[in-house]
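Colleague: Quick one, what's the 3D model for this:
(one chain, ligands or ions: 1)
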Amino acid sequence: MHCPYCRHTDTRVLDSRVAEDGTSIRRRRSCPQCEKRFTTVEQMQLTVVKRSGATEPFSREKVIAGARKACKGRPVTDDDLARIGSQVEDSLRGSGWAEVPAHEVGLAILGPLRELDEVAYLRFASVYRAFESADDFEAEIAMLRAERSPTGEEPDLTAAAGAAPPDVPTKQAPSG
Ligand SMILES: [Zn+2]
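Modeller: Model (predicted):
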């Protein structure tokens, strides 16, 4: 490993620590030439196995692109999408496996997407779980309603089928 300050070709490891979740190792290093210190993180290479059997390195960008597609027209920011990417990566790495089937990646997206935006969740779930009819949507929506806390606001789920009406903030009707 080259020194990131002076490009010296050798560095010394001062200390190695396994991260709390056990999925990475941090090494504190020092450069014998310029004596600066820096930290490296060693992580397992996460591989996605597609249905065809082909493998590819896990890509957080692909996860974000998939979520972004489902969130089209929804009040979701780039930060929200980046957070989903990192949550999905964390949960897959947390499983401790070097290889994950592609469908597990889809499954890992569903949870955080549901927290973020229920319409986007329904869109993603409809593709991922191959919804075939309006009944499938109804069943999923019924489940969402059943699991929602009684104090929660009713979300606008009518946009799930695609033709999204513009979001209008709820206004209090003037009294009197
Ligand atoms: Zn150096």
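Colleague: how about the strands of this structure, start to end?
Modeller: In the chain, strands defined by DSSP state E lie at 12-18, 24-30, 37-43, 47-49, 55-57, 99-101, listed in chain order.
Colleague: how about JSON lines for those, with mean neighbour count, mean pLDDT and distance to A134 added?
Modeller: In short, each C-beta sits where N, CA and C put it, glycine included. Putting the strands of the chain into JSON lines (neighbours: other CB atoms under 10 Å; pLDDT from 0 to 100; distance: least, CB to CB, whole Å) gives the following:
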{"stretch": "strand 12-18", "mean neighbour count": "11", "mean pLDDT": "94", "distance to A134": "50"}
{"stretch": "strand 24-30", "mean neighbour count": "15", "mean pLDDT": "94", "distance to A134": "45"}
{"stretch": "strand 37-43", "mean neighbour count": "12", "mean pLDDT": "93", "distance to A134": "43"}
{"stretch": "strand 47-49", "mean neighbour count": "16", "mean pLDDT": "96", "distance to A134": "32"}
{"stretch": "strand 55-57", "mean neighbour count": "11", "mean pLDDT": "95", "distance to A134": "35"}
{"stretch": "strand 99-101", "mean neighbour count": "15", "mean pLDDT": "94", "distance to A134": "29"}
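Colleague: Surely R28 is in contact with K36?
Modeller: No. With contact defined as CB atoms under 8 Å, R28 does not count as touching K36 (11.7 Å).
Colleague: before we move on, back to that, including distance to the ion, could the strands of the chain go into a markdown table?
Modeller: Compiled in a markdown table, the strands of the chain are given as follows (distance: least, CB to the ion, whole Å):
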| stretch | distance to the ion |
| --- | --- |
| strand 12-18 | 11 |
| strand 24-30 | 8 |
| strand 37-43 | 9 |
| strand 47-49 | 33 |
| strand 55-57 | 30 |
| strand 99-101 | 37 |
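Colleague: would a markdown table of those with distance to R74 be doable?
Modeller: Formatted as a markdown table, the strands of the chain follow (distance: least, CB to CB, whole Å):
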| stretch | distance to R74 |
| --- | --- |
| strand 12-18 | 39 |
| strand 24-30 | 33 |
| strand 37-43 | 32 |
| strand 47-49 | 26 |
| strand 55-57 | 28 |
| strand 99-101 | 27 |
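Colleague: in the chain, which helix has the most residues?
Modeller: If you go by DSSP state H, the chain has its longest helix at helix 78-94.
Colleague: Noted, bye for now.
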